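Build me a model:
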Amino acid sequence: MLGAMILSGGAATRMGADKARLDWAGVRAIDRVAAVATACAAQWTLSVGPDDYGLPFVVDERQGPAGGVLAGAAALSARGCTRALVLAVDAPTLSAADLAPLLAAPAPGAAYEGLHVPLVLDLAALPSGAERGMSLNRLVGLAGLARLPVPFGAAARLRGANTPDERAALLAALQNAQEGGAG
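The predicted structure follows:
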């Protein structure tokens, strides 16, 4: 069973505001990312971070992304999930199509080349010696995840927005896509 975790524990110092609460064309970032998880058939979606955004959540005391993944993995395992889709709250314009190659990857899962998240992993692949403070790249390597090429045209959506300038560019692209789809 697939579960999803949305890493929402960053300090947002470059953005200057809580990224999960930012408005993206009328929808909070956390809600946009949760909708993508649902579109990917996640049975459970939870946020991992210091705050409650109205989703099931796991408190993570800013111990880094690997710590968040480990905390989220434990919570998803407790709910019967065997595979996890790991998403970042700062990537609210990604789509289910952007994630399809990761979801189709065989066990133990996959991540995109040059990106820490998103990723998909079999929870059983998490190494027993994994530590909360390790880098996410090291955790991905220890779990044996494949590295896939980033789908054409998806890099900015997958990387997300860590600064106001990146947010402005992604918002403009989102609004253009919405206007193009409405006509």
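
Which stretches in this protein count as helices?
Using DSSP state H, the helices of the chain run over 29-39, 64-78, 96-104, 136-143, 155-159, 164-182.

For the last one, what is the distance to the chain centroid?
It stands for helix 164-182. Computed by C-alpha atoms, centre = their mean, to the nearest Å, the chain-centroid distance of helix 164-182 equals 19 Å.

Next: the fifth one.
Relative to the centre of its chain, helix 155-159 is centred 11 Å away, using C-alpha atoms, centre = their mean.

Name the residues of it that are buried.
For helix 155-159, a neighbour-count test (16 or more other C-beta atoms under 10 Å) marks Ala156, Arg157, Leu158, Arg159 as buried. Every C-beta, even on glycine, is put in place using the N, C-alpha and C of the backbone.

quick one: which of the helices of the chain is nearest Met1?
Each of the helices of the chain has some distance to Met1 by C-beta to C-beta; the shortest is helix 64-78, at 8.8 Å.

what angle separates the closest one from helix 136-143?
Computed with axes from the mean of the first three to the mean of the last three C-alpha atoms, to 10 degrees, the direction of helix 64-78 lies at 50 degrees from that of helix 136-143.

i'd like the first residue to be 715 from this point on
Shifting the count to begin at 715 puts that one at helix 778-792.

Just give me how far helix 778-792 sits from the chain centre.
12 Å.

Mind giving me the packing neighbours of it?
For helix 778-792, the packing partners by 3 or more C-beta pairs under 8 Å, 6 or more residues apart in numbering; DSSP states H and E come out as strand 716-721, strand 758-763, strand 771-773, strand 797-802, helix 850-857.

Alright, I will stop here.
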